[in-house]
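Asks: turn this into a model:
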Amino acid sequence: MSQMTLQMPSSRHREAQPGAQPEAPRRPPAASSLLLAALILTAASFPHALAQSGWWEHEQQDEQEQQQYNFVLLHAPFPGVDQTLGFGVNDFGTVVGVYHDAAGPHGFVLDDGAYTPINVTLNGVVQQNTQAFGINQRRDIVGSYGPTGTLHGFVLEDGVFTTLDFPGANATQTEARGINDRRQIVGTYHDAAGSHGFLFEQEGREHQGGDEDSRQSEAKHSGQYTAIDVPFTGASNTTALGINDRGDIVGAYVSSDARIHGFVRRHGEFQTLDVPFRGVVETQAYGINNRREIVGTGFLLDHKTFTPLANLNPSAANAVATGINDRGEIVGITLGSPEVGFQLIPQ
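Replies: Down below sits the predicted model:
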């Protein structure tokens, strides 16, 4: 049986050639094997009610006029940058993501209009292909680094980078995707069977003291990794992409008919999320906030109602929302050529 790998829009992995000029912008191949590279969204321009009964029923709000959002493009202002993608946002409006130049992908933090690069550094050595995917209120940041096919997760806390690798000889690579204020981390690891989600609940560092480089190379978190696999019959290739402070987790999986579905996991129970827009056959959930608003492939799910991103702002048509904070601010990626990061900010 052939495996299906979930892909997501992400930065390019390529080696820098001496004296090479940056390539002209183009749509990049996926750097991480997590989610589908693109979905053609042909949604009608109106919200749809969630067909399934579920956990939002007791929180349903009265219908209100659709709020409008400002659309702001992301662009890291560093020399040679040909692409900037947004992945996570905290309640202070601080955005993390990935920018690309001739040397490859780099993480960034956007705070109050200022971009700061993030490059995983261990023992004084800058690692390849840093990508920043999630940030919490403490400004802890998670992501991945390393050569294509051998990625490692990382968490950046208090200026210290720590590598995260799902334990076991069969795990080939790990990517950290989301972190909440309890410092619970979700992500995805890969083995011969495909992809699996995970939850890492940390208890603290085992090593403290010493100079910064030694802390970066020796820092280890004590805690527990828990694999997350959607338990439905025939389900495979689970990815965990977002977590809120309640411990609710969102992501995606492949069903037995080879279709991609979103999911939300609450108190250990799983519920499938399928966007009801006309023409859309696959759904992926990327982010969830503490109000249990969920964003993903072309949608905002707010109290049982799916709304196309294009309804929030027409510039967000044919886009993926990758993160949402408690103020309703959304970050995402337009699925054009090249892909472009953006923010949707409520007016």
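Asks: what residue ranges in the stretch 1-150 of the chain score low on pLDDT?
Replies: Within the stretch 1-150 of the chain, the stretches with pLDDT under 70 are 1-65.
Asks: ranges for the strands of it?
Replies: For the stretch 1-150 of the chain, strands defined by DSSP state E, counting those that start in this stretch occupy the ranges 48-49, 69-73, 83-89, 95-101, 104-111, 114-118, 121-122, 125-126, 131-135, 141-145.
Asks: now render these as JSON lines, adding mean neighbour count.
Replies: From N, CA and C alone the C-beta is placed, and that goes for glycine too. Shown next, in JSON lines, are those (neighbours: other C-beta atoms under 10 Å):
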{"stretch": "strand 48-49", "mean neighbour count": "14"}
{"stretch": "strand 69-73", "mean neighbour count": "16"}
{"stretch": "strand 83-89", "mean neighbour count": "27"}
{"stretch": "strand 95-101", "mean neighbour count": "27"}
{"stretch": "strand 104-111", "mean neighbour count": "23"}
{"stretch": "strand 114-118", "mean neighbour count": "14"}
{"stretch": "strand 121-122", "mean neighbour count": "17"}
{"stretch": "strand 125-126", "mean neighbour count": "11"}
{"stretch": "strand 131-135", "mean neighbour count": "30"}
{"stretch": "strand 141-145", "mean neighbour count": "28"}
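Asks: any chance you could map the helices in the stretch 201-347 of the chain?
Replies: 212-218, 309-312 (DSSP state H, counting those that start in this stretch).
Asks: could you list every residue that touches residue 288?
Replies: 242-244, 248-250, 264, 294-295, 324 (C-beta atoms under 8 Å, 6 or more residues apart in numbering).
Asks: ok, back up a step: which of the helices of the stretch 201-347 of the chain has the lowest mean pLDDT?
Replies: Across those, helix 212-218 has the smallest mean pLDDT, namely a mean of 41.
Asks: can you count the residues close to the residue nearest to residue 254 when sequence neighbours are not counted?
Replies: In space, and not counting its chain neighbours, residue 254 is closest to residue 237: 4.5 Å by C-beta to C-beta, 6 or more residues apart in numbering. Residue 237 sits with 24 neighbouring residues when counted by other C-beta atoms under 10 Å.
Asks: is residue 237 in contact with residue 251, as I believe?
Replies: No. Here residue 237 does not reach residue 251: they are 10.2 Å apart, not a contact under C-beta atoms under 8 Å.
Asks: any chance of the strands of the stretch 1-150 of the chain in CSV, with distance to residue 180 too?
Replies: Formatted as CSV, those follow (distance: least, C-beta to C-beta, whole Å):
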stretch, distance to residue 180
strand 48-49, 28
strand 69-73, 24
strand 83-89, 11
strand 95-101, 14
strand 104-111, 18
strand 114-118, 19
strand 121-122, 25
strand 125-126, 28
strand 131-135, 9
strand 141-145, 10
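Asks: among those, which is nearest residue 272?
Replies: Distance to residue 272, taken as C-beta to C-beta, is lowest for strand 48-49 among the strands of the stretch 1-150 of the chain, at 15.3 Å.
Asks: gap between residue 314 and residue 71?
Replies: Relative to residue 71, residue 314 is positioned 8 Å away (C-beta to C-beta, to the nearest Å).
Asks: my bad, residue 152
Replies: Taking C-beta to C-beta, one finds residue 152 at 34 Å from residue 71.
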